[in-house]
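# just coords:
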């Protein structure tokens, strides 16, 4: 409120103040003029319209009221606030509806409203306006002169909105913290993957100083402990051009490596009757069983079965796996069409079944036997790369060939074995090695160390009960005929002859053994060959024999 109203509306004298609304604004009502009820005397002390609270204004002198005049404040008169008239106390009155006007004569008679219309309206929630202060006093506004809005309860919209705002802000903070935690976790995962990827790459590149792929695949076990190898022999029979090609398929389950060992046909073997023979003759004469035993004796390995693979079945096998890719090293002419080539020289040449057979059996004019044997090895490795690594699927492929297998190796065993080799070939853990032989078919020392020892067994297998002792003979006399004399002597003595090839001439013969348990056996071999006991020494023996003998010039063979 800006100005205080004393009940008088300067705009209109027909309205009087009845109270204040809830915003503190004055409320007026229209004053109805009531008719006079005869002679009404003015109060001798206060004239009608006189403001007793006005400062410095003396009440005017009014004529004496008639004896019958009506006094609303007399005993038994109307009390607008319901108080008893006979109490003698001054009744509480509201502010007058107007102040005396200077131009208005104070002695004129003013009409008086009936009691029931003279009561001031009352607002229950608001106290009556306080009486005006004396002139010169500062106005003191009290709280009851204003109407305040009640305090909102917890169900009001403002409170609900505030609670919602508070809750949403808390939720946003919690969501921000949760996003922060998620970012930290994601960062840690990314860093871990980066570290793992880097270590994996270094391992794959074999650049870790403390770990290499060979160690992870059993290289340590290969250097310090025995190894387990599964070996089968495969003979490729050329049904059109004649001849055979032989290879050993080796799966080293200890080092997780696989190898195709190519065996030249000139490899010297010992037949069942003890006579010398070659690999190609053994396949033709002794069959698969006799040849595998002869290979076991020569190489000190354990062939588990024989796979006879004729060229028509090789062609079907290549077609079943969906052709093969080979880096060819020669142009192979087409025998059916002169002047054309069935296979072209180049890298990643796709070969069908017929082309694969032509390449595997091809031997150019003037080429050594080993050149054709290496092509056969390429085709075998190409087939294994395309064959399924699942044993059941590989077995199904073998069954589809409908070939007649050797009794030592059925379709299920062959399929499971080929599946393991296929897995090695796909992983890059497959290689092809050629067993080097000398001109006479014997094994050289390099062959014994690089292939026989490292690939096929590392150490010679211990002979079973009743097996004859294997003796390797190396002729260093300069006379090739003395090898045959030594062989006959050993076979007659109950020993197994193993060809050790030839070497530079030496003067003194030497009998060596690697295991102390073989010392007595070595002494007996020396006696059988007619050599002195001083020729027996402990030393290295051939990888495929129990006792090794180097025949010197002192050996006569008598």
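Received it, and whenever you're ready, just let me know what you need. This is a predicted model, so every value here is computed, not measured.

# give me the below-cutoff pLDDT ranges for the chain.
Filtered on pLDDT under 70, the chain yields the residue ranges 1-14, 31-169, 199-225, 272-274, 444-449, 458-467, 558.

# hey, where'd the helices end up in the stretch 351-500 of the chain?
353-360, 369-386, 391-401, 411-427, 445-447, 481-492 (DSSP state H, counting those that start in this stretch).

# and those, which is most packed in?
helix 353-360 (a mean of 24; mean count of other CB atoms under 10 Å). C-beta here means a position set from N, CA and C on the backbone, and glycine is covered the same way.

# so which elements touch it?
Helix 353-360 is packed against helix 311-320, strand 324-328, strand 332-333, strand 341-343, helix 369-386, with contacts defined by 3 or more CB pairs under 8 Å, 6 or more residues apart in numbering; DSSP states H and E.

# let's have these in JSON lines, adding distance to residue 234.
Below are those laid out as JSON lines (distance: least, CB to CB, whole Å):
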{"stretch": "helix 311-320", "distance to residue 234": "10"}
{"stretch": "strand 324-328", "distance to residue 234": "16"}
{"stretch": "strand 332-333", "distance to residue 234": "21"}
{"stretch": "strand 341-343", "distance to residue 234": "21"}
{"stretch": "helix 369-386", "distance to residue 234": "7"}
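
# so which of these is nearest residue 352?
For the helices and strands packed on helix 353-360, the distance to residue 352 is smallest for helix 311-320, at 6.7 Å, taking CB to CB.

# and residue 246, which of the three is it?
At residue 246 the chain is in strand, as set by DSSP: H, G, I helix; E, B strand; the rest coil.

# what sits against it?
Residue 246 sits next to 233-236, 262-263, 265, 279, 283, 291 when contact means CB atoms under 8 Å, 6 or more residues apart in numbering.

# from those, which is closest to residue 412?
Distances from residue 412 to the contacts of residue 246, taken as CB to CB, are shortest for residue 234 (17.1 Å).

# so how many other residues sit close to the closest one?
Using other CB atoms under 10 Å, residue 234 has 19 neighbouring residues.

# same thing with residue 307?
Applying other CB under 10 Å, we find 22 residues neighbouring residue 307.

# excluding its backbone neighbours, what's nearest it?
Using CB to CB, 6 or more residues apart in numbering and skipping residues adjacent in sequence, the residue nearest residue 307 is residue 234, 4.4 Å away.

# circling back: closest to residue 310 among the contacts of residue 246?
residue 236 (7.8 Å).

# so that closest one bridges to which residues?
Counting by DSSP bridges, residue 236 is bridged to residue 245, residue 309.

# quick one, what contacts it?
Residue 236 touches 244-247, 309-311, 314, 360-361, 376, counting by CB under 8 Å, 6+ apart.

# out of the helices and strands packed on helix 353-360, nearest to residue 299?
helix 369-386 (16.5 Å).

# give the other helices and strands that the closest one contacts.
Here helix 369-386 touches strand 244-252, strand 257-263, helix 311-320, strand 324-328, helix 353-360, helix 411-427, strand 430-434, going by 3+ CB pairs under 8 Å, 6+ apart.

# so which of the ones you listed gets nearest residue 388?
Closest of the helices and strands packed on helix 369-386 to residue 388 is helix 411-427, at 6.6 Å (criterion: CB to CB).

# from residue 544, how far out is the closest residue to residue 538 other than its chain neighbours?
Using CB to CB, 6+ apart and skipping residues adjacent in sequence, the residue nearest residue 538 is residue 513, 6.1 Å away. From residue 513 across to residue 544, the span is 14 Å (CB to CB, to the nearest Å).

# next one: residue 521
According to CB to CB, residue 521 and residue 544 sit 16 Å apart.

# which of those two has more neighbours?
residue 544 (27 against 18).

# need phi/psi at the more buried one.
phi -110, psi 20 (degrees, to the nearest 10).

# just the element for residue 548, please.
Assessed by DSSP states H and E, residue 548 sits inside strand 547-551.

# Provide the strand pairings for that strand, with the direction of each partner.
In the sheet, strand 547-551 lines up against strand 470-475 (parallel), strand 510-513 (antiparallel) (DSSP bridges).

# is it possible to get TSV of those strands that adds mean neighbour count and distance to residue 540?
Shown next, in TSV, are these (neighbours: other CB atoms under 10 Å; distance: least, CB to CB, whole Å):
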stretch	mean neighbour count	distance to residue 540
strand 470-475	26	11
strand 510-513	22	6
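
# columns distance to residue 436 on top of these, output as a markdown table?
Shown next, in a markdown table, are these (distance: least, CB to CB, whole Å):
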| stretch | distance to residue 436 |
| --- | --- |
| strand 470-475 | 15 |
| strand 510-513 | 22 |
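
# figure out which of the ones you listed is closest to residue 535.
Here strand 510-513 is closest among these (CB to CB), at 5.1 Å.

# only the buried residues of whichever strand or helix holds residue 350, if you could.
Taking DSSP H and E as the definition, residue 350 sits inside strand 346-351. Across strand 346-351, burial judged by 16 or more other CB atoms under 10 Å covers 349, 351.

# tell me what that strand is packed against?
Judged by 3+ CB pairs under 8 Å, 6+ apart, strand 346-351 is in contact with strand 324-328.

# and the strand it packs on, what does it pack onto?
Judged by 3+ CB pairs under 8 Å, 6+ apart, strand 324-328 is in contact with strand 346-351, helix 353-360, helix 369-386.

# what sits up against the longest one?
With contact meaning CB under 8 Å, 6+ apart, helix 369-386 is reached by 234, 236, 245, 247, 249, 260, 262, 264-266, 314, 317-318, 321-330, 351, 356, 359-364, 418, 421-422, 424-426, 430, 432, 434.

# for the shortest one, same thing?
Contacting residues not belonging to strand 346-351 are listed as 318, 323-328, 343, 359, 379, 382 [CB under 8 Å, 6+ apart].

# how does it look with 6 Å?
Strand 346-351 is contacted from outside by 323-328, using CB atoms under 6 Å, 6 or more residues apart in numbering.

# quick check: the farthest pair among those residues?
Greatest spatial distance among these (CB to CB): 323 and 327, at 14.7 Å.

# those two: who's more crowded?
A direct count of neighbours by other CB under 10 Å for residue 323 and residue 327 places residue 323 higher, at 16 against 11.

# quick one: the more buried one from residue 488, how far?
Distance from residue 323 to residue 488, by CB to CB: 52 Å.

# might you report the residue contacts of the nearest residue to residue 388 once chain neighbours are set aside?
Nearest-residue entry for residue 388: residue 394, 5.1 Å, with adjacent residues in sequence omitted and distances by CB to CB, 6+ apart. Each residue near residue 394 by CB under 6 Å, 6+ apart is listed here: 387-388, 415, 418-419.

# repeat that for residue 363.
Shown in contact with residue 363 (CB under 6 Å, 6+ apart): residue 372.

# ok, back up a step: just the angle for the strand holding residue 548 relative to helix 481-492, thanks.
Using axes from the mean of the first three to the mean of the last three CA atoms, to 10 degrees, the inter-axis angle of strand 547-551 relative to helix 481-492 is 150 degrees.

# contacts for strand 547-551 next, please.
Strand 547-551 has contacts (CB under 6 Å, 6+ apart) with 471-477, 482, 509-513, 521-522, 525, 541-542.

# how does it look with 8 Å?
Identification of contacts with strand 547-551 by CB under 8 Å, 6+ apart yields 469-477, 482-483, 486, 500, 503, 506, 509-513, 518, 521-522, 525, 529, 540-542.

# what do you get for stretch 489-498?
Applying CB under 8 Å, 6+ apart, the external contacts of stretch 489-498 come out as 270, 274, 297-298, 468-473, 486-487, 525, 528-530, 542, 544-545, 557.
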